[in-house]
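Asks: quick one, structure for this:
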Amino acid sequence: SQQQFLATLALFRGGFSVVEAEAVADTPDARERLETLVADSLITLTELLDGSLRYGLLETVREFVLPRLMGAEEARRQFRRWFIQHPSFEENTAVAWEYALDDNDASDAYALATMPRRDWTGQLGVERAREFFEKTLELPAPTPKARMYAMHALAECYLRNVNRKGAMELMAEAVKPLEDTPNELLAEALYHQAHIGLYDAPRDETLALLERCLSLTTDSYVRAEALRIKGCLLLWTPDYESAEALFDEAHTLYPPIDPGQLRLWNHRAHLARRRGDFAESLRLYQLSAEQARRHGDGILVRNSESNLSDILSCLGRYEEAVEAGRACLRTEETHGDRHLMICILWNMAGPFMGVGEHVRAARLMAACSKLWVTLVRPLSEDDIEDLNAVRRELSNALDQATINRLWAEGELLTLQEALALAHGD
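Replies: Alright, predicted model coming up:
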C-alpha cells in the first residue's frame, strides 16, 4: 500500500533517490508513488547541481509513519543489503550500520564497519564511531579478518580521542589470536599494529613488527603499507635518504589510484618539511589534501590541512597561517579529534608570534605542552626543542618574568579554553 511505501521511506535519513527507494521498498513503481507523495506534500523533492533528483521526508512525517512500518526487521535488512552493495558517503550508510546493531545482525554490522576507504570517524565523529565499533565487537565476528579490521578501526578511534595506551593494547589483543592463522593475515595484522604504535611504541619494537610483517608476506599491498610505515619512522631520524627510498619502493607496489599513493604525498610533504624545503612541503600538502578530497578520504584531507599553519608560518605568511589553523580547528571541533586539535594548536604559536600576538602565543604554547603531556605522551626531544625555540622568540618581545607568568596561566587552560584562545574569543 501507499502507506507502507511511505513508512518504508522513513527508514532513510537525509535524501534518497528513485533507485534507492525502489530497491529498499522492493517495488517497481517507486517513481509514480514518489510523484504522488510529492503532490500530497508528504515528501520533498530537490534537484541537485548535477540534475539528479533527491527525495526526503520531513522529520515530523518520518517520526509519525516509521512506527507503522509492517515487517520492519525485514525492511531494515533490505535497507542494509542495498547500502552494503552500494556504499555511499551519505548518512544512509551509517544508518544501515545502526540498524544492523539494533537487530544484532553480526554479518551486516561487520560488513558495514569494515568497508574499505570508509572514514567513519569523519562521518560520525570520533565518539559516535567509537560507540558503533565497540557495539560491533560485542557481536560474534564472521571471520578473524573482520574482527581484526574492526579492532584496528576502534584503535584508531582511541588514538583520535588520545587514548593511545588503550589503542596499542587493543591492537596487541587483536594480533594475539592470529599467531596460528595463515601468514598473510598475520602480516596484515602486524602492520596495523605497527601503525597504531607508530609514534608511541619504542621505535625498535615497531621496526621489529614491520620486519616480521615483511618476512611473512608477498602481498604487494601489505608490503607497500609496511614500507610506508617504516619510512614514517625514519622521518624522525636524520636518515632522510632511507625514508625517501622506502617511500619510492612503496610507490611502485601500490595500485596507481589508491589511498596509499595519497598518503605517500603527505609523507613526502613531511620529509620536505624536515629538510627545510618549506615551499615544496606546502605544495605537497596542498596536493595531498586536494587529491584526498577528490577521492573522499576525509582523514587524509584533515591530516594534510592540519600542517598548513606550520608551513605557512615557516614561509613568513603569518596571517594566512593563523586563518588556516583556525579553519582546521573548526573542522576538528566538529569531528571531535582531540589529538589533531592539540597538534594544530601547537602549530599556531609561531603564526601568532609572527602577527605580533606574543601574549596569546605564550599562553597557547604553555597550554599545548601541558595538554600534550597530560593527554598524549611525554615530550620528545623534538618537542622540547620546539618549546625552547618558542620561548627564545618570545624573549625578543617580552621580559622573562612576563613569559613565566603567561606560561603558568597557559598551563591551567583546558582544551576548550585553549581552543577559545586560538579563535580569539
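Asks: what's the pLDDT at S395?
Replies: With respect to pLDDT, S395 scores 96.
Asks: hang on, it packs against I403?
Replies: Yes. Under the contact definition of CB atoms under 8 Å, S395 touches I403, with a separation of 6.6 Å. Heads up, the C-betas are built off the backbone N, CA and C, glycines and all.
Asks: more neighbours: these two, which one.
Replies: It is I403, of S395 and I403, that has more neighbours when counted by other CB atoms under 10 Å, with 19 against 13.
Asks: look at that one and tell me its secondary structure.
Replies: Here I403 takes the helix state, with states given by DSSP: H, G, I helix; E, B strand; the rest coil.
Asks: please apply the same query to G56.
Replies: strand.
Asks: V162 now?
Replies: coil.
Asks: residue contacts, the closest residue to it other than its chain neighbours?
Replies: Beyond its immediate neighbours in the sequence, the residue positioned closest to V162 (CB to CB, 6 or more residues apart in numbering) is L375, lying 4.3 Å away. Residues in contact with L375, defined by CB atoms under 8 Å, 6 or more residues apart in numbering, are 162, 338-339, 342, 415.
Asks: which of those residues scores worst on pLDDT?
Replies: Minimum confidence in the contacts of L375 sits at V162, scoring 80.
Asks: neighbours of R405, just the number please.
Replies: For R405, the tally of surrounding residues (other CB under 10 Å) stands at 14.
Asks: W236: neighbour count?
Replies: Under the neighbour criterion other CB under 10 Å, W236 is assigned a count of 16.
Asks: what's the separation between A420 and I344?
Replies: Between A420 and I344 the distance is 14 Å, computed by CB to CB, to the nearest Å.
Asks: what about the two, which has more around it?
Replies: For A420 versus I344, the count of surrounding residues by other CB under 10 Å is larger for I344: 28 against 12.
Asks: any stretches of the protein with poor pLDDT?
Replies: 89 (pLDDT under 70).
Asks: spatially central residue in it, please.
Replies: For the chain, the residue nearest the mean C-alpha position is I299 (3.5 Å; CA atoms, centre = their mean).
Asks: doesn't R118 make contact with it?
Replies: No. Using CB under 8 Å, I299 makes no contact with R118, being 10.1 Å away.
Asks: who touches P351 in this structure?
Replies: 309, 312-313, 318-319, 321-322, 325.
Asks: most neighbours, which of those?
Replies: By neighbour count, taken as other CB under 10 Å, the most surrounded of the contacts of P351 turns out to be S309 (31 neighbours).
Asks: returning to that earlier point: can you redo the contacts of L375 as CSV with neighbour count?
Replies: Output for the contacts of L375, formatted as CSV (neighbours: other CB atoms under 10 Å):
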residue, neighbour count
V162, 23
R338, 19
H339, 20
I342, 23
L415, 17
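Asks: okay, and which of those residues map to strands?
Replies: With strands taken from DSSP state E, there is no overlap with the contacts of L375.
Asks: just these now: which is nearest D258?
Replies: Set against D258, the nearest of these by CB to CB is H339 (25.1 Å).
Asks: now do the closest one against L345, distance only.
Replies: Here the criterion is CB to CB. By it, H339 lies 11 Å from L345.
Asks: what do you get for L412?
Replies: Using CB to CB, L412 is found at 15 Å from L345.
Asks: who's more crowded, those two?
Replies: Applying other CB under 10 Å to L412 and L345 shows that L345 carries more neighbours, namely 25 against 11.
Asks: mind checking how far the more buried one is from V301?
Replies: 19 Å.
Asks: and for H152?
Replies: 21 Å.
Asks: what about L214, neighbour count?
Replies: The burial count assigned to L214 is 17, neighbours taken as other CB under 10 Å.
Asks: kindly report the same for T136.
Replies: The burial metric for T136, expressed as a neighbour count using other CB under 10 Å, is 25.
Asks: buried stuff in the helix or strand where it lies?
Replies: Counting by DSSP states H and E, the element that carries T136 is helix 126-137. Neighbour counts using 16 or more other CB atoms under 10 Å place 126, 128-130, 132-133, 135-137 of helix 126-137 among the buried residues.
Asks: and what of stretch 290-308?
Replies: Of the residues in stretch 290-308, those with enough neighbours to count as buried (16+ other CB under 10 Å) are 291-292, 295, 297-308.
Asks: one more: stretch 274-290?
Replies: Within stretch 274-290, the residues that count as buried by 16+ other CB under 10 Å are 274, 278, 280-282, 284-289.
Asks: repeat that for stretch 177-197.
Replies: By 16+ other CB under 10 Å, the buried positions in stretch 177-197 come out as 178, 185-197.
Asks: mind picking the two most distant members of the residues you listed?
Replies: The farthest-apart pair in those, when distances are taken by CB to CB, is L185 and G197, at 19.1 Å.
Asks: so which residues of the protein form strands?
Replies: For the chain, strands defined by DSSP E occupy the ranges 43-47, 53-57.
Asks: pick the most deeply packed of those.
Replies: With neighbours defined as mean count of other CB atoms under 10 Å, these peak in mean count at strand 53-57, which reaches a mean of 19.
Asks: and A150, how many neighbours?
Replies: Other residues near A150 number 22, with proximity taken as other CB under 10 Å.
Asks: identify the residues contacting the nearest residue to it once chain neighbours are set aside.
Replies: On the basis of CB to CB, 6+ apart, the spatially nearest residue to A150 that is not a chain neighbour turns out to be A113, at 5.0 Å. With contacts defined as CB under 8 Å, 6+ apart, A113 is in contact with 97, 120, 132-133, 136, 149-150, 153.
Asks: show residues contacting stretch 80-93.
Replies: Contacts of stretch 80-93 from elsewhere in the structure, counted by CB under 8 Å, 6+ apart, are 12-16, 20, 23-24, 79, 95-96, 99-100, 105, 108, 111-112, 115, 118, 123, 296.
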